[in-house]
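Undergrad: Let me see the structure of the following:
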Amino acid sequence: MCRGLESLPVTCLERAKELKARFGSFLLKQELNLMGLSNKGDKLRLEEALKWRASFQNLLAHKDGLCAFRAFLVSEYSEENIAFYLACEDYKNTKSASKLCTKAKKIYEEFIGNDAPREVNLDYETRSITKKNLEQPTLSCFELAQSKIYTLMEKDCYPRFLKSTLYLDITRQPVP
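TA: So this is what the prediction gives:
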């Protein structure tokens, strides 16, 4: 029978952590290769990647920047933040009034509600206001929650992204 991790020698646990880190880094690099973000100077110009440092908005506005940031968030186990932000952006572009209610409910259940599978980190007041807004869904019903998550990513995740090996590797590519 399995006795759990505590039965393993400390050196085995340290080695397991080291392997996990290496494999995680390897898988992330493989994912970037598939997306065309690594070792492809013609697909991602150094100048564009350097513009991402200017502002979080620049990063999100660039297709490759958004892709790299999302890959970084996946590696940090916080991909739900960008997924929520993008779902809100999509929601705000909904043209059909009949689809608003369905989309709003789906976003709430996936990211905000109790036991949401991809729950984002929102305070009680923001959750309550957003839930109240869903009684009569409008294009702006997620505005407060989206703003809080945007600020969280801008102040917390974005600075870590700029210091990450992922971003540093991208910006070290030679200019063709």
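
Undergrad: Contact partners for Leu73?
TA: Residues near Leu73 by Cβ atoms under 8 Å, 6 or more residues apart in numbering: 79, 81-82, 157. From N, CA and C alone the C-beta is placed, and that goes for glycine too.

Undergrad: How about Glu80?
TA: By Cβ under 8 Å, 6+ apart, the neighbours of Glu80 are 111, 118-120.

Undergrad: before we move on, what about Pro117?
TA: Glu110.

Undergrad: Which of the three states applies to it?
TA: coil (DSSP: H, G, I helix; E, B strand; the rest coil).

Undergrad: mind checking pLDDT for it?
TA: You'll see Pro117 listed with a pLDDT of 95.

Undergrad: again, but for Cys2
TA: 43.

Undergrad: Show me where this structure has its helices.
TA: For the chain, the helices defined by DSSP state H cover 10-35, 46-51, 56-61, 63-75, 79-92, 97-107, 124-133, 143-152, 158-163, 165-171.

Undergrad: would a markdown table of these with mean pLDDT be doable?
TA: As requested, these are exported to a markdown table (pLDDT from 0 to 100):
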| stretch | mean pLDDT |
| --- | --- |
| helix 10-35 | 51 |
| helix 46-51 | 88 |
| helix 56-61 | 96 |
| helix 63-75 | 94 |
| helix 79-92 | 96 |
| helix 97-107 | 92 |
| helix 124-133 | 96 |
| helix 143-152 | 98 |
| helix 158-163 | 96 |
| helix 165-171 | 90 |
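
Undergrad: still on that earlier bit, dump the contacts of Glu80 to TSV, plus distance to Leu162 and neighbour count.
TA: Listed next are the contacts of Glu80 as TSV, based on distance: Cβ to Cβ, whole Å; neighbours: other Cβ atoms under 10 Å:
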residue	distance to Leu162	neighbour count
Phe111	25	24
Arg118	24	14
Glu119	26	14
Val120	22	21
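
Undergrad: shouldn't Tyr150 be in contact with Ile82?
TA: No - using Cβ atoms under 8 Å, Tyr150 makes no contact with Ile82, being 9.8 Å away.

Undergrad: re the thing from before, when you filter the contacts of Leu73 down to buried only, what's left?
TA: Buried subset of the contacts of Leu73 (neighbour count, 16 or more other Cβ atoms under 10 Å): 79, 81-82, 157.
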